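# Provided below for reference: sequence and predicted model.
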Amino acid sequence: MFLSRRYALRMFLGSLAGTVALGQSCSTNQSSANQSKQNWMADGSSTTPTGETEATLRELASRKGVLYGACAKYPELSSDSEIMVHYARECAVLVPENELKWGELRRSADQFDFRAADWMADFADQQNLLFRGHTLVWNQSIPPWLSDYATPQNAEQLMTDHIKTVMGRYAGRMHSWDVVNEAVQLGQPNHLMQSIWRDRIGPDYIELAFRTAAEADPETMLVFNDNRFEYDSRNAESRRAATLELLGNLKAKGTPIHAFGIQGHLWGHLNHDINYSRYREFLQNVADLGLKILITELDVVDEELPADLNERDRAVAAAYAEYLSVVLDEPAVIAVLTWGLSDRYTWVSSFFPRSDNLPVRPLPLDHNLDRKPAWSAIARAFDQAPQR
Ligand code: XIL
């Protein structure tokens, strides 16, 4: 297994000869796609897939029946053979950070551009990583043409056609799909976020999206993904309540929804503002609805943390450690995915840059791809997690 996986990576890297231009996208490897049997749980194997003497996050999580993975962007992953090795080594799941969003796939009403997403699906197959879809229905990443084009008359068709085409293309190859992303917004009708989908289709767009998704790929896990549940504020408490109500209503209507995705973008300086017993209860409430839970976009924003590198790394690691010890205590949690793997590439550097302009350090590996205290904190959390 070690040899074949390493060999496959070498062959794959060799075949890339540097960067693969989008125009010469890799062909779909159907046989390995078939081999990547859809499995909602980790395989539980305790062998070291890369043959490293040290365990990897993939392996430590897998021992407990949990999947570890990370997102990546096509331009970065495909041009950086160093980081490819680390994805193949540390991860069991690969998530395209942007490549499956409307804004990337749909440059016009009648065109789909799957080249970047296909490349990532092939990379995942070749490296024996599960592939995960993000995301089909969201209020963001709406291409400019779509806002004018979508009307109350055609919006339902537009959304369902998109779901069928995109999910259909990867059917049988996807571990899970974020069918709907970021839909809860307090203070809005039905606590539903304003979007072209809510406004042109109506509040039932979520149910329709899930029903369409279940038909498009009956094997994959269908996830409702959202954020900002962690903190001990009235706002977060109301978001938790509104989300439980939404999920409960979907389940009561027999909607094919299998899991709840918690993004988990944490703030390093707010670590003490999480009431972990309330949060633990929330996870239990979700599990009681019969849903699995995936932590889908975990990172620790260090925008407001001290400049000192050791102090900052310790605070980021502590945030990971505390959060994961609570989250992994809930057996319904079957996956922990970080939003990136290394500080070399992270959305935090453009979305939450530090005012002192120091490079941000929110992820398990540093800029040089060395393991940070954050990596050790995640590893320890997997090690100490109860078995699924
Ligand atoms: C972010 C990506 O990381 C950025 O590269 C992109 O410019 C904007 O989107 N919640 C989500 C993700 O569900 O899709 C977002 O990803 C981060 C917040």
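Cool, got the structure. Numbers count the residues shown, from 1 in each chain.
# in this structure, which spans are strands?
Listed in chain order, the strands of the chain (DSSP state E) span 67-72, 93-96, 130-137, 174-181, 221-226, 259-262, 265-267, 292-301, 333-338.
# Next, format those strands as TSV and append mean neighbour count, mean pLDDT and distance to residue 345.
C-beta here means a position set from N, CA and C on the backbone, and glycine is covered the same way. Below are the strands of the chain laid out as TSV (neighbours: other Cβ atoms under 10 Å; pLDDT from 0 to 100; distance: least, Cβ to Cβ, whole Å):
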stretch	mean neighbour count	mean pLDDT	distance to residue 345
strand 67-72	27	99	7
strand 93-96	26	99	13
strand 130-137	25	98	16
strand 174-181	27	98	20
strand 221-226	25	98	21
strand 259-262	26	99	21
strand 265-267	20	98	16
strand 292-301	25	98	12
strand 333-338	26	99	12
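# Could you export the ones you listed as a markdown table, including distance to the ligand?
Formatted as a markdown table, the strands of the chain follow (distance: least, Cβ to the nearest ligand atom, whole Å):
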| stretch | distance to the ligand |
| --- | --- |
| strand 67-72 | 7 |
| strand 93-96 | 9 |
| strand 130-137 | 6 |
| strand 174-181 | 5 |
| strand 221-226 | 6 |
| strand 259-262 | 9 |
| strand 265-267 | 6 |
| strand 292-301 | 6 |
| strand 333-338 | 11 |
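# Pull the number of nearby residues for the closest residue to the ligand within the chain.
Nearest residue of the chain to the ligand (Cβ to the nearest ligand atom) works out as residue 347 at 3.3 Å. Residues within reach of residue 347, counting by other Cβ atoms under 10 Å, total 19.
# How about the contacts made by the nearest residue to it once chain neighbours are set aside?
What sits nearest to residue 347 in space, not counting adjacent residues and going by Cβ to Cβ, 6 or more residues apart in numbering, is residue 339, at 6.6 Å. Applying Cβ atoms under 8 Å, 6 or more residues apart in numbering to residue 339 gives the contacts 70-71, 97, 263, 265, 297-299, 346-347, 363.
# re earlier: in a markdown table: the strands of the chain, plus distance to residue 207.
Shown next, in a markdown table, are those (distance: least, Cβ to Cβ, whole Å):
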| stretch | distance to residue 207 |
| --- | --- |
| strand 67-72 | 27 |
| strand 93-96 | 25 |
| strand 130-137 | 11 |
| strand 174-181 | 10 |
| strand 221-226 | 11 |
| strand 259-262 | 15 |
| strand 265-267 | 27 |
| strand 292-301 | 19 |
| strand 333-338 | 24 |
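# Please verify my assumption that residue 376 contacts residue 317.
Yes. Residue 376 is within contact range of residue 317, at 6.7 Å (criterion: Cβ atoms under 8 Å).
# hang on, the earlier thing: among the contacts of residue 339, which one lies nearest to residue 311?
Residue 311 lies nearest to residue 363 out of the contacts of residue 339, by Cβ to Cβ, at 17.4 Å.
# any idea how far that closest one is from residue 376?
Look at residue 363 and residue 376: by Cβ to Cβ, to the nearest Å, they are 13 Å apart.
# Tell me which of those two has more neighbours.
Using other Cβ under 10 Å as the criterion, residue 363 and residue 376 rank with residue 363 on top: 27 against 15.
# Need the pLDDT of the closest residue to residue 361 other than its chain neighbours.
Leaving aside its chain neighbours, residue 361 sits nearest to residue 343 (5.1 Å; criterion: Cβ to Cβ, 6+ apart). Listed pLDDT for residue 343 reads 98.
# Tell me if I'm right that residue 343 and residue 369 touch.
No. Residue 343 is beyond contact range of residue 369, at 9.2 Å (criterion: Cβ under 8 Å).
# More neighbours: which of the two?
Applying other Cβ under 10 Å to residue 343 and residue 369 shows that residue 343 carries more neighbours, namely 25 against 16.
# quick one, phi psi at that one?
Main-chain dihedrals, residue 343, degrees, to the nearest 10: phi -60, psi -10.
# show me the contacts for it.
359-363, 365-367, 372.
# In TSV: these, plus distance to the ligand and pLDDT.
Converted to TSV, those look like this (distance: Cβ to the nearest ligand atom, whole Å; pLDDT from 0 to 100):
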residue	distance to the ligand	pLDDT
359	17	98
360	13	98
361	16	98
362	12	99
363	12	99
365	17	98
366	19	98
367	17	98
372	20	98
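# Report back the residue of the chain that's furthest from centre.
residue 153 (32.2 Å; Cα atoms, centre = their mean).
# For the chain, what lies in contact range of the ligand?
97-98, 181, 263, 297, 347 (Cβ under 6 Å from any ligand atom).
# redo that, cut-off 5 Å
When proximity is defined as Cβ under 5 Å from any ligand atom, the chain approaches the ligand at 97, 347.
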